[in-house]
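Colleague: After the sequence you'll find the predicted model.
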Amino acid sequence: MITKDGLNLLRDGLFDGTSIEINYMAAGDDGTAVTGLETSLGNEIIRVALSSANKPQDFKVQTIFDLLDSDGALTVREIGFYSGGTIAADSGTLISRVLYSRDKSSIESIQFNRDDIIGRG
């Protein structure tokens, strides 16, 4: 779900040129229901920088993030996508938060592909 802060960031990008680039993904272990009013994950346990981004077709942006085997074993119950901030937990603007249930082992990597499609009403 796109958060309230995420929608306001899009507004600001159109209004005054504020950067709306999604550049970090965080994973956490809090499975609390999504409301859209979150400003951070319930309990962020890891954050990774953008691996790559592209525009595969008109109206679409794809961002790709990787949790690597070297990130270790993780209990993931939520993921969030951030604009701005740093690699530090809870920094930047939380664009969206989704529930995701996965117990990642230390010998696997997970790739997250996020597709944002801009459309006409």
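Modeller: Arrived safely. On a predicted model such as this, the values are computed, not experimentally measured, just so you know. Numbering: from 1, shown residues only.

Colleague: From here on, just use CA atoms for contacts and neighbour counts.
Modeller: OK.

Colleague: if I've got this straight, residue 112 is in a strand?
Modeller: Yes. Applying DSSP: H, G, I helix; E, B strand; the rest coil, one finds residue 112 inside a strand.

Colleague: And the strands in this protein, which stretches?
Modeller: Taking DSSP state E to define them, one finds strands in the chain at 22-28, 44-49, 52-57, 60-67, 74-83, 93-104, 110-117.

Colleague: Just name the most buried of those.
Modeller: Most buried of those by mean neighbour count (mean count of other CA atoms under 10 Å) is strand 22-28; its value is a mean of 24.

Colleague: what does that one rub up against?
Modeller: By CA atoms under 8 Å, 6 or more residues apart in numbering, the surrounding residues in contact with strand 22-28 are 41-50, 63, 65, 75-84, 86-87, 89, 95.

Colleague: Relative to residue 79, how far out is the residue lying closest to residue 10 once chain neighbours are set aside?
Modeller: Distance criterion CA to CA, 6 or more residues apart in numbering; nearest residue to residue 10, sequence neighbours excluded, is residue 20 at 6.3 Å. Shown here: residue 20 relative to residue 79, a distance of 18 Å by CA to CA, to the nearest Å.

Colleague: Ok, residue 27 next?
Modeller: Residue 27 is 4 Å from residue 79, by CA to CA.

Colleague: How about residue 72?
Modeller: According to CA to CA, residue 72 stands 16 Å off from residue 79.

Colleague: Just list the residues touching residue 68, thanks.
Modeller: Contacts of residue 68 (CA under 8 Å, 6+ apart): 108-110.

Colleague: do the same with residue 54
Modeller: Per CA under 8 Å, 6+ apart, neighbours of residue 54: 61-63.
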